[in-house]
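*Asks:* Show me the folded form of this:
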Amino acid sequence: IMTGGFLMNMLVVGVAVKSFGLLFVEIVEKFGSSSAATSWITSLSQCLALMLSPVASTLAAIYGTRRVVFIGGLLIPAGFILSIFAMSREFYYFSYGLFVGIGTTLAYSPSIILIGLYSDKRRSLANGLTVAGSSVGNFVFPPIIHWMLQNFGLQGTLLILAGLMLNICVCAALLRPLSFYTPKDKKAKNAEKATSCIAALRNYKFEWSLLRLPQFMVYGLSLFFCFCGYPNLFIMLPPHCKNIGLSKEQAVFSVSVIGIFDLIGRMFFGWFSD
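*Replies:* Numbers count the residues shown, from 1 in each chain. Prediction:
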């Protein structure tokens with residue numbers, strides 16, 4: 001389960017989120033648009049990815065984590081492939097913003113929840129090691145993407161990344177539900193699954209009582225303010241490096257350096273929290 005979650009984070013967060021700044025520079029240069037207008041691409045993607053998390057979690061509870069993450073693993077590469085045919089900046093709002101955003105929430109949220117269901121005594125460490133995949137992706141992929149952009153251009157790079165993102169479906173296959181380990185007759189298992197899905201659809205309701213817990217509200221607000229600024233760094237750092245006269249190679253290196261210390265921080269505080 002941790003391996004599937006680690007690889008999913010490496011691909012979804014490490015490439016589609018934290019390495020988008022490199023594609024951002026190329027899109028600005030290709031269409032001659034402003035940074036403010038181009039940043040709407042990732043703004044839409046991240047907005048959908050975070051705001052639709054309750055929907056993704058609900059779908060995973062009803063249909064299973066594996067199915068939901070697998071669908072996310074199809075939507076993300078579909079967004080990259082559609083972006084190849086973009087003739088304007090606005091088309092990226094639809095292809096990357098919509099498809100990658102929805103695919104990200106379907107792949108990310110259910111897999112993180114499953115880690116918590118499997119882990120008990122070392123839950124923080126398990127979460128830290130799982131999300132460390134995003135740090136590894138943040139460190140490894142910027143130089144690779146930079147090399148692909150130099151040799152294959154923006155469209156070729158998007159096509160290769162689309163193929164790479166299909167491996168999210170492989171990650172989904174590793175995410176076995178807890179019920180997998182309970183020996184049951186196959187017919188009984190299928191009947192129970194169908195019954196449980198119908199019952200879940202009828203009985204599901206959002207736990208609004210969580211909003212009355214001070215601890216939950218403090219935690220929720222802290223994450224709200226964190227994500228108001230945290231993702232923007234990875235988008236704006238490469239163009240900022242370009243504006244102050246640094247080369248593209250130096251901009252790539254600056255993004256990778258963040259990945260190194262991000263990896264150390266996630267693993268250390270995962271252990272320290274336990």
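*Asks:* can I assume Gly137 is in contact with Met8?
*Replies:* No. Assessed by CB atoms under 8 Å, Gly137 is found out of contact with Met8, at 10.0 Å. Backbone N, C-alpha and C define where each C-beta goes, glycine included.
*Asks:* These two: who's more crowded?
*Replies:* Higher neighbour count among Gly137 and Met8: Met8, with 30 against 25, using other CB atoms under 10 Å.
*Asks:* mind listing what the more buried one touches?
*Replies:* Going by CB atoms under 8 Å, 6 or more residues apart in numbering, Met8 touches Val69, Ala107, Tyr108, Ser111, Gly133, Ile168, Cys171, Ala172.
*Asks:* any weak-confidence spans in this protein?
*Replies:* 184-206 (pLDDT under 70).
*Asks:* Of the contacts of Met8, which is the most crowded?
*Replies:* Ala107 (32 neighbours).
*Asks:* Could you point out the longest helix of this structure?
*Replies:* If you go by DSSP state H, the chain has its longest helix at helix 123-165.
*Asks:* what element comes up after it heading to the C-terminus?
*Replies:* Using DSSP states H and E, the helix or strand that follows helix 123-165 towards the C-terminus is helix 167-174.
*Asks:* for that following helix, packing partners?
*Replies:* helix 2-11, helix 65-84, helix 101-118 (3 or more CB pairs under 8 Å, 6 or more residues apart in numbering; DSSP states H and E).
*Asks:* what's the angle between that helix and helix 123-165?
*Replies:* For helix 167-174 against helix 123-165, the angle by axes from the mean of the first three to the mean of the last three CA atoms, to 10 degrees is 140 degrees.
*Asks:* Tell me the gap between stretch 136-153 and the middle of its chain.
*Replies:* 18 Å (CA atoms, centre = their mean, to the nearest Å).
*Asks:* er, stretch 160-171 I mean
*Replies:* That offset, for stretch 160-171, works out to 12 Å (CA atoms, centre = their mean).
*Asks:* Run through who's touching that stretch.
*Replies:* 4-5, 7-8, 11-12, 15-16, 69-70, 72-74, 76-78, 80-81, 84, 107, 111, 145, 148, 152.
*Asks:* Now do the buried residues in it.
*Replies:* For stretch 160-171, a neighbour-count test (16 or more other CB atoms under 10 Å) marks Leu161, Ala162, Leu164, Met165, Ile168, Cys169, Cys171 as buried.
*Asks:* mind checking how far the second one is from Tyr96?
*Replies:* Plainly put, Ala162 is 11 Å away from Tyr96 if you go by CB to CB, to the nearest Å.
*Asks:* Could you name every residue contacting both of the two?
*Replies:* Counting by CB under 8 Å, 6+ apart, the shared contacts of Ala162 and Tyr96 are Phe80.
*Asks:* Nearest to Ser39 among the helices and strands packed on helix 167-174 would be which one?
*Replies:* Among these, the nearest to Ser39 by CB to CB is helix 101-118 (14.0 Å).
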